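>>> below is the sequence, then the predicted model.
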Amino acid sequence: MEDKRDTVLYFKLSATELDLIQQKKALARIRNTSAYLRKMAIDGYIINLDLKQLNEISRLLRITSNNVNQMAKRATRRAASTKQMLPM
């Protein structure tokens, strides 16, 4: 469980420093300044992954698996109806 955040840290910045922090925060795609400063102070880096291609591959895989599933259902139905037509 995470510790309760009840301690305040106060420090002064120049306008240039604040602007630089805001720019880097925007590049990291983090909206919360406190979260950004905490992450940078503790870890020193932020990994930002671009997963657009992976998301597209995942979407195409879902479409393909859906098509295969539909073909399997049709084959099963066709096999069942063929069994019913054969004399025993």
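On my side now, so go ahead.

>>> okay, CA-based contacts and neighbour counts for the rest of this
Will do.

>>> report all helices and strands that the longest helix along the chain contacts.
If you go by DSSP state H, the chain has its longest helix at helix 52-85. Based on contacts counted as 3 or more Cα pairs under 8 Å, 6 or more residues apart in numbering; DSSP states H and E, there is no element that helix 52-85 packs against.

>>> give me the low-pLDDT residue ranges for this structure?
The model of the chain has pLDDT under 70 over residues 1, 84-88.

>>> can you tell me the centre-most residue of this structure?
Central residue of the chain (Cα atoms, centre = their mean): Leu51, 7.5 Å from the mean position.

>>> okay, that residue and Asp43: tell me how far apart.
Distance of Leu51 to Asp43, computed by Cα to Cα, to the nearest Å: 22 Å.

>>> now do Arg31
Arg31 is 18 Å from Asp43, by Cα to Cα.

>>> same check, this time on Leu60
Applying Cα to Cα to Leu60 and Asp43 gives a distance of 36 Å.

>>> over to Ser34?
For Ser34, the distance to Asp43 - Cα to Cα - is 14 Å.

>>> same question, Thr82
For Thr82, the distance to Asp43 - Cα to Cα - is 65 Å.

>>> over to Ala79?
From Ala79 over to Asp43 the distance is 60 Å, taken as Cα to Cα.

>>> okay then, goodbye and thanks.
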